[in-house]
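> fold the following.
(one chain, ligands or ions: 1)
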Amino acid sequence: MPATHTAIDPADPAAVLAALIRCPSVTPDEGGALACLEALLTPLGFAVERPVFEDEGTPPIENLFARAGSQGPHLVFAGHTDVVPPGDARDWSHDPFAAAVVDGEMIGRGAVDMKGGIAAFVAACARHATKHGGPKGQISFLITGDEEGPAINGTVKLLEWARQRGERFDACLVGEPTNPGALGDMIKIGRRGSLSGEIVVNGRQGHVAYPHLADNPVRAAVAIADLLLATPLDEGTQAFQPSNLEITSIDVGNASVNVIPARCSIRFNVRYNDTWTVETLKAELQARVGRAAADSRLRPGHESAAFSLVWRDRPSPSFLTKPGPLTEALVEAVESVTGRRPELSTSGGTSDARFIKDHCPVVEFGLVGKTMHMVNERVALSDLEGLTEIYEAFISRWFATVA
Ligand SMILES: [Zn+2]
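Numbering: from 1, shown residues only. The predicted model follows:
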């Protein structure tokens, strides 16, 4: 155990966060961050394991699983110690891995996304243990080093690894930054799904002055884009905003002004709510593209345009954690510390919670996200203390409801 970590008071979230920021754990490097966590958690009674996962074409990734307690309700805290690169360090007011404190704020890469959340949960566990002598059940840390990267050797494999060892979770708290403006704004209780695709319309190349001898694929592409965009996918649901399709690129790659191109591609991404499953959404989009390709208004005299629709990347499902003991315990904990009732939201991008939801109910609450991934990422020390108090209150309330 490095001597530097033994001197840290685990109940002090600022000291824990400073130690974590000083580990330059830019994905895929462990950077000493998991070793630091292990050194902090072991004296608190956690049994710590650090499985390494690898896959073809991706770097091996170190992860951490730590559990205190051996039976009873199992609460798992999930997060990541890897961070995005700082960019040009000269753009920062202070070294991005120095954890400088200026005007009550700690500056450093990962301060809010999400070493700050981890530090607050470590400190909350330490305080809870001092007061109550350990949890009324089991508390775990499920920490990956691969969230900001390809996310292949991280949470998915760590969850499966834990499942195979017989670990069963009853509830999960993800410590990602969820508050848009101030601590207490927002809890995430679900996420929209994400689906990407590419449509390629095939035409026939030719001279612009002799269009009857060619078939311009841009004409069909315009009709397809119009049908994808003009009719909303849905109007939203009780817990979700309306699904949204964005066309992210339309490409012809034609450098010439007098040539009708041979093909045109349209790339798009859909962020979708619980109106859809991946399958029903794919079917709807496939049908729309087919209808638009057959529409002859922009290409009179031509038969249905030839196109292919290929789904890109791995789609992620949408999910929603229904209000219940887990959300209530968290809402009450936030309210008890901040005096504010947080919004229960499903907004924003995807997160690792989409993998965890297959194992147990999951909610997300962490710091204020304003500076994440930015130059001079920083956290107010008062927020760090506030989050620690919220997490401690949450631990007490959750075990009180389920035990
Ligand atoms: Zn994050």
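
> can you show me the helices along the stretch 101-250 of the chain?
Under the criterion DSSP state H, counting those that start in this stretch, helices of the stretch 101-250 of the chain are mapped to 115-132, 155-164, 217-230.

> is the first one in proximity to the ion?
No. Helix 115-132 lies out of reach of the ion by CB under 5 Å from the ion, never closer than 8.3 Å. Using the backbone N, CA and C atoms, a C-beta is placed for each residue, glycine as well.

> and that helix, how far out from the chain middle?
With CA atoms, centre = their mean, to the nearest Å as the basis, helix 115-132 stands 23 Å off its chain's centre.

> against which helices or strands is it packed?
Here helix 115-132 touches helix 13-21, helix 33-41, strand 74-80, strand 138-144, helix 381-402, going by 3 or more CB pairs under 8 Å, 6 or more residues apart in numbering; DSSP states H and E.

> tell me the mean pLDDT over the fourth one?
This means strand 138-144. Computed over strand 138-144, the mean pLDDT rounds to 97.

> that one vs the ion: in contact?
No. Counting by CB under 5 Å from the ion, the ion is not contacted by strand 138-144; separation bottoms out at 10.1 Å.

> note down every partner strand of that strand and its orientation.
Neighbouring strands of strand 138-144 in its sheet, by DSSP bridges, are strand 64-68 (antiparallel), strand 74-80 (parallel).

> quick check: angle from it to helix 155-164?
Here strand 138-144 runs at an angle of 150 degrees relative to helix 155-164 (axes from the mean of the first three to the mean of the last three CA atoms, to 10 degrees).

> try the third one
On the basis of the same axes, to 10 degrees, strand 74-80 is oriented at 150 degrees to helix 155-164.

> same thing with the last one?
Inter-element angle recorded for helix 381-402 and helix 155-164: 30 degrees (by the same axes, to 10 degrees).

> what's helix 381-402 packed up against?
Applying 3+ CB pairs under 8 Å, 6+ apart, we find helix 381-402 packed against helix 13-21, strand 74-80, strand 105-107, helix 115-132, strand 171-174, helix 325-338.

> how far is that helix from where the chain is centred?
Put simply, helix 381-402 sits 22 Å off its chain's centre (CA atoms, centre = their mean).

> what average pLDDT does it get?
Helix 381-402 carries an average pLDDT of 97.

> if I look at the residue found closest to Ile143 once you drop the neighbours it is linked to in the chain, what pLDDT would I see?
The spatially closest residue to Ile143, leaving aside those adjacent along the chain, is Leu64, at 4.3 Å (CB to CB, 6 or more residues apart in numbering). pLDDT recorded at Leu64 is 98.

> show me the contacts for the residue nearest to the spatial centre of the chain.
Most central in the chain under CA atoms, centre = their mean is Ser351, positioned 2.1 Å from the mean C-alpha point. By CB atoms under 8 Å, 6 or more residues apart in numbering, Ser351 lies in contact with 174, 176, 188, 191, 364.

> count of neighbours near the second one?
Spelled out, that is Glu176. For Glu176, the neighbour count with other CB atoms under 10 Å is 23.

> is it true that it touches Val368?
No. The criterion here is CB atoms under 8 Å, and Glu176 misses it with Val368 at 11.6 Å.

> and Val368, how close does it get to the ion?
Note on Val368: its distance to the ion, by CB to the ion, to the nearest Å, is 13 Å.

> beta-bridge partners for that residue, please?
Taking DSSP bridges as the rule, Val368 bridges to Asn179.
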